[in-house]
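>>> this is the structure alone, sequence omitted:
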């Protein structure tokens, strides 16, 4: 969680400088997270990150999207939670491109 916070701060600093890109120069991967509402956010994680790392980073940026409720979709396929690396899923930096991951939130479990 600490790394995700640091990555978020670095992404904000780059955005403030107008230098948001693919992260190829600093070992970071910038991912565009698109919500069902149409809102988009940029999240940065290390290139060797897992899906769980990306979910943690998203949870720090979007307070109403805790990691346990997130369902991430890339290229029309859901990303597995259990230790899957982003590059294995095809989420990798390409020169001049930011990858887009769709975020769907699972419903809150209701108490009986």
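Here it is on my side, so go on. Every value quoted in this text rests on a predicted model; they were computed, and no experiment measured them.
>>> isn't residue 29 up against residue 48?
No. If you go by CB atoms under 8 Å, residue 29 and residue 48 don't touch, sitting 9.1 Å apart. Where you see a C-beta, it was placed from the backbone N, CA and C, and this is true even at glycine.
>>> for these two, indicate the residue with more neighbours.
For residue 29 versus residue 48, neighbours defined as other CB atoms under 10 Å are more numerous around residue 29 (24 against 11).
>>> mind listing what that one touches?
By CB atoms under 8 Å, 6 or more residues apart in numbering, the contact list for residue 29 reads 22-23, 44-47, 49, 86, 91-93, 99.
>>> can I get the buried part of these as one PyMOL selection?
What follows is the PyMOL syntax selecting those of the contacts of residue 29 that are buried according to 16 or more other CB atoms under 10 Å:
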select buried, resi 22+23+44+45+46+49+86+91+93+99
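>>> please identify the helix or strand for residue 56.
Assigned by DSSP states H and E, residue 56 belongs to helix 51-61.
>>> now for that helix, which elements pack on it?
If you count contacts as 3 or more CB pairs under 8 Å, 6 or more residues apart in numbering; DSSP states H and E, helix 51-61 packs onto helix 2-16, strand 28-35, strand 40-46, strand 70-74.
>>> tell me where the model's unsure across the chain.
Low-confidence segments of the chain (pLDDT under 70): 1-26, 96, 110-112.
>>> report the central residue of it.
By CA atoms, centre = their mean, the chain has its centre lying nearest to residue 54, at 4.3 Å.
>>> these two touch, right, it and residue 86?
Yes. Residue 54 lies in contact with residue 86 (CB under 8 Å); the separation is 6.2 Å.
>>> pull up the overlap in contacts between those two.
In terms of CB under 8 Å, 6+ apart, residue 54 and residue 86 are both contacted by the residues 31, 45, 79.
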